[in-house]
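[1] compute the structure for the input listed below.
(one chain, ligands or ions: 2)
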Amino acid sequence: MAKTDGSEIPTIDIAPFLAGDPSGKAAVARAVAEACERVGFLVISGHGLPQETLQRAIRLGMDFFDLPQDDKDRFHPTGAARQRGYHRVATRNLASTLGAKTPPDLRESIFLGPVDDHRAHYAALADAETAYAGNTVPDVPEGFDGALIDLYRAFERLSRDMMRITARALDQDEAAFVALLERHFSIFGMHHYPMLGTPPEPGQLRAGAHTDFGAMTILAMTEGRGGLEARLPDGRWVPVQPKPGELVVNLGDMMQRWTNDQWVSTLHRVVVPDTGDVQSRRMSIGYFVHPNFDAEIRCVPSCLAPGEAPRYPTITAGEHIRRKIDASHKAA
Ligand SMILES: O=C(O)CCC(=O)C(=O)O
Ligand SMILES: [Fe+2]
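    Ligands and ions are numbered 1, 2, ... in the order given. This is a model prediction of the structure:
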């Protein structure tokens, strides 16, 4: 019987995989495969991301978002670096990446790109400039820049583990995806959803319904009313709220291409709370796994039955993400 309490989104303890015991690894890979086939969303525990690194970034982040608007705007990027630095409330629009015409998202954000500098490697590739643009990391309050970079690094390590798990879950060599991350351009986004002082416009959400663009997203979040919801295959929207210490993982469009639609890049959104609800302030921190710019995203062999043709043409990771980000800016 279908459940309606959101428990369709399983919680998987990945510690046995990280411990390296063969039967533990196989069991985690099986559980992840099942969740990815069925919903494309899971909650993970036992992941090893240091809680103090996360909590410190959240604390300093809340203080940053409390600063006067002008102080925050100093970190707004220019030029090629548009997926970096600080972006005001209601200046971006996730739903527009799927063609929807809705008002912009009621959140403000800080984005970081790769901390390692791969610009020299891609110097001849003009299209890669945006993906590898330098960071604009807020250094107020004091120590915030270091806290953000530490957290980026922690997510980066966990993303390698998760990509090993997903490769195993797809009956691939464990290193199949990790091999494409050497010069990844994964995006880290810290999103602040302030309490609403005035009612939203018709159709306006905290984050409009969208799918994520990359291979997968790893998401930490605080508790607060007006939260994340995922759409199940039967069309129901269910809240996704991990327990303290747990993280959400959801698949992105690239993984759907890799798996020829066997795994789903699930639609999700962040709903609006009641206006003036003091329990509604929330923060989420997402790490969006984007492989090397020139990595070719083509159907993995285990997802193609004999005689079956791939549903998507091969595309580079860079080109795929560029199209998505263009759309997110256009209609904001
Ligand atoms: O804030 C959240 O919980 C999710 C945000 C999200 O889906 C995104 O930034 O892609
Ligand atoms: Fe998302």
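[2] host element of the residue of the stretch 51-200 of the chain found nearest ligand 1?
    Here the stretch 51-200 of the chain gets closest to ligand 1 at one residue, His191, 5.2 Å apart by C-beta to the nearest ligand atom. Placement of C-beta: from N, CA and C, glycine included. Remark: His191 resides in strand 187-193, with elements defined by DSSP states H and E.
[3] pretty sure the residue of the stretch 51-200 of the chain closest to ligand 1 is touching Phe111, no?
    No: judged on C-beta atoms under 8 Å, His191 makes no contact with Phe111 at a distance of 9.5 Å.
[4] picking up where we left off before, for the strand holding His191, name the packing helices and strands.
    helix 51-65, strand 108-112, helix 144-169, strand 282-288 (3 or more C-beta pairs under 8 Å, 6 or more residues apart in numbering; DSSP states H and E).
[5] strands paired with that strand, and their directions?
    strand 108-112 (antiparallel), strand 282-288 (antiparallel) (DSSP bridges).
[6] looking at those, which is closest to Thr130?
    Nearest to Thr130 among the strands paired with strand 187-193 is strand 108-112 (11.7 Å), distances taken as C-beta to C-beta.
[7] take the strands paired with strand 187-193 and write them to TSV, including mean neighbour count, mean pLDDT and distance to ligand 1.
    As requested, those are exported to TSV (neighbours: other C-beta atoms under 10 Å; pLDDT from 0 to 100; distance: least, C-beta to the nearest ligand atom, whole Å):
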stretch	mean neighbour count	mean pLDDT	distance to ligand 1
strand 108-112	23	97	8
strand 282-288	23	98	3
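[8] ok, which of those strands comes nearest Arg92?
    Of the strands paired with strand 187-193, the one closest to Arg92 (C-beta to C-beta) turns out to be strand 108-112, at 7.1 Å.
[9] other residues contacting the closest one?
    Contacting residues not belonging to strand 108-112 are listed as 61, 64-65, 72, 75, 83-89, 92, 135, 137-138, 148-149, 152, 187-192, 194 [C-beta atoms under 8 Å, 6 or more residues apart in numbering].
[10] tell me which parts of the stretch 201-332 of the chain are close to ligand 1?
    Proximity of the stretch 201-332 of the chain to ligand 1 is assessed by C-beta under 6 Å from any ligand atom, with Ala207, Asp212, Leu219, Met221, Leu228, His268, Val270, Ser284, Gly286 identified as the residues in range.
[11] apart from its chain neighbours, what residue comes closest to the second one?
    Yep, that's Asp212 we're talking about. Using C-beta to C-beta, 6 or more residues apart in numbering and skipping residues adjacent in sequence, the residue nearest Asp212 is Gly252, 3.9 Å away.
[12] next, count neighbours for the one you found.
    Residue neighbour count, defined by other C-beta atoms under 10 Å, stands at 24 for Gly252.
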